[in-house]
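*Asks:* here is a sequence with its predicted model. Questions after.
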Amino acid sequence: MKTLLYYLVKLYIKTGLYFYSKKIKVVGSENVPKKGAVLFLANHPNGLVDPLFIATNTSRRTFFLVRAAVFKNKVVAFLFDLIGMMPIYRIRDGIKELSKNDAIFNKCYDILGSKKSLLIFPEGSHNRKRTVRPLSKGFTRIVFGAIDKYPDLQIHLVPVGITYQNSSTYPCKIALHYGNPIIANDYYDKENINQSANQLKSNIQGALEKLCVHIPTSEYEHTNNLLNTANIDFTNVAHTNQMIQDKVLPVSKLKKKKSIILLSLVIINSIIPHFLWKIASKKVDEIEFVDTFRFAMNIVLFPFFYMLQAFIIYKLSNLNLAILYFISSIILVLLYTKTSPTNSE
């Protein structure tokens, strides 16, 4: 029953992400092993939507670690557990809470030992800057711990680059790049754990810097401003990184404007959920969580109010008109999402 619920929730979330995103570009999905233990290692620019995009765009049923703070609500915790999310505790959660990580790490060992897939964000936190930040050693502890516990286990590490055209803005283009798998066992030297961990970190860091747009910290502000002003397509990752590397940056060009007519129709038809989001958005204190909360509200409120309004039409008129209204509302949102221009940040 839980497996059925998982796939139903995954389908619903995948459908919601399709309506929320102008385009989801997936590259290298053939690099993901169809069988065996897989550890996905991704950069983390945009809150809880990052794992949702990865989990719904791979055939592997994936478990993933997210910060423990999001598990405070029991209903939310149940849904997160259903789709494979597990809490990871940090110092900011309290020193006493850190001891709970031992049980989580053991669960990760067993997930990999069962030849399932796990997703970790080795940067340790989210940040929308287009830079792959230094990786922590946490993922190497899980990898080497799993190998210790299951000596015959082979673990495939798959780096995943996530790039947004304009995160925190609706609608957005997203690129997911799955890199070539790395056999973790090749790096494991029990007699020299620190060297093994550092070498593995370095290789994963290098892979991620190629799989998503990476602007070196030393030249970040100047380069990022030029790229944004030129409104380039960041989801064309290889081309963008080549421009950054060659220091051949594009000239400025005008940004495209959104369709006012379509936007107005969507807002008028969705005035109540739109108004509720405007209120809720004022309470989002981290820009990396704007997409997370807006998406969560969208997949609940918009369908609910369209069905409610269709029910009212049915009571006032007839079933055919109610069905026509509901379908038209869905199509209208889809048209706006897929045709609205996306500008850089």
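*Replies:* Arrived safely. Numbers count the residues shown, from 1 in each chain.
*Asks:* state the helix or strand in which residue 160 lies.
*Replies:* Residue 160 belongs to strand 155-164 when assigned by DSSP states H and E.
*Asks:* report the central residue of the chain.
*Replies:* With distances taken as Cα atoms, centre = their mean, residue 50 lies nearest the centre of the chain, 1.1 Å away.
*Asks:* so that residue sits against residue 120, correct?
*Replies:* No. Using Cβ atoms under 8 Å, residue 50 is not in contact with residue 120, being 11.4 Å away. Where you see a C-beta, it was placed from the backbone N, CA and C, and this is true even at glycine.
*Asks:* now do the shared contacts for these two.
*Replies:* residue 42 (Cβ atoms under 8 Å, 6 or more residues apart in numbering).
*Asks:* export the helix or strand bottoming out on mean pLDDT in the chain as PDB, just CAs?
*Replies:* Within the chain, confidence by mean pLDDT, DSSP states H and E is lowest for helix 74-82 among all helices and strands, at a mean of 74. Provided in PDB are the C-alpha atoms of helix 74-82 (Å, rounded to 0.1, in the frame of the first residue of the first chain):
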ATOM      1  CA  LYS A  74       3.500  15.900  11.700                       C
ATOM      2  CA  VAL A  75       1.400  15.900   8.500                       C
ATOM      3  CA  VAL A  76       4.400  17.200   6.500                       C
ATOM      4  CA  ALA A  77       6.700  14.700   8.100                       C
ATOM      5  CA  PHE A  78       4.400  11.900   7.100                       C
ATOM      6  CA  LEU A  79       4.200  13.000   3.500                       C
ATOM      7  CA  PHE A  80       8.000  13.500   3.300                       C
ATOM      8  CA  ASP A  81       8.600  10.100   4.800                       C
ATOM      9  CA  LEU A  82       6.200   8.600   2.200                       C
END
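*Asks:* mind listing what's buried along that helix?
*Replies:* residue 80 (16 or more other Cβ atoms under 10 Å).
*Asks:* over to stretch 228-245?
*Replies:* 228, 231-232, 234-237, 240-241, 243-244.
*Asks:* distance between the ends of that stretch?
*Replies:* With Cα to Cα, to the nearest Å as the measure, the ends of stretch 228-245 fall 16 Å from one another.
*Asks:* now do stretch 54-67
*Replies:* By Cα to Cα, one end of stretch 54-67 lies 17 Å from the other end.
*Asks:* dump stretch 289-301 to PDB, keeping only the CA atoms.
*Replies:* Taking Å, rounded to 0.1, in the frame of the first residue of the first chain, the C-alpha atoms of stretch 289-301 are listed here in PDB:
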ATOM      1  CA  PHE A 289      12.500  28.600  -0.400                       C
ATOM      2  CA  VAL A 290      10.300  30.800  -2.500                       C
ATOM      3  CA  ASP A 291       9.900  28.100  -5.200                       C
ATOM      4  CA  THR A 292       9.400  25.400  -2.500                       C
ATOM      5  CA  PHE A 293       6.500  27.100  -0.800                       C
ATOM      6  CA  ARG A 294       4.900  28.500  -4.000                       C
ATOM      7  CA  PHE A 295       5.000  25.100  -5.600                       C
ATOM      8  CA  ALA A 296       3.600  23.400  -2.500                       C
ATOM      9  CA  MET A 297       0.700  25.900  -2.400                       C
ATOM     10  CA  ASN A 298       0.100  25.700  -6.100                       C
ATOM     11  CA  ILE A 299      -0.400  21.900  -6.300                       C
ATOM     12  CA  VAL A 300      -2.900  22.100  -3.500                       C
ATOM     13  CA  LEU A 301      -4.800  25.400  -3.800                       C
END
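*Asks:* name the surrounding residues that touch that stretch.
*Replies:* 12-13, 16-17, 19-20, 46-49, 52, 167-168, 170, 172, 272-273, 276-277, 280-281, 284.
*Asks:* direction included, what does the helix or strand that the least confident helix or strand of the chain is followed by pair up with?
*Replies:* Using DSSP H and E, the helix or strand that follows helix 74-82 in sequence is strand 85-88. Strand 85-88 pairs in its sheet with strand 62-67 (parallel), by DSSP bridges.
*Asks:* contacting residues around the host helix or strand of residue 103?
*Replies:* Residue 103 is part of helix 101-113 when elements are defined by DSSP H and E. Residues outside helix 101-113 that contact it (Cβ under 8 Å, 6+ apart) are 37, 39, 63, 65, 86-89, 117-118, 141-143, 145-146, 149-150, 153, 155.
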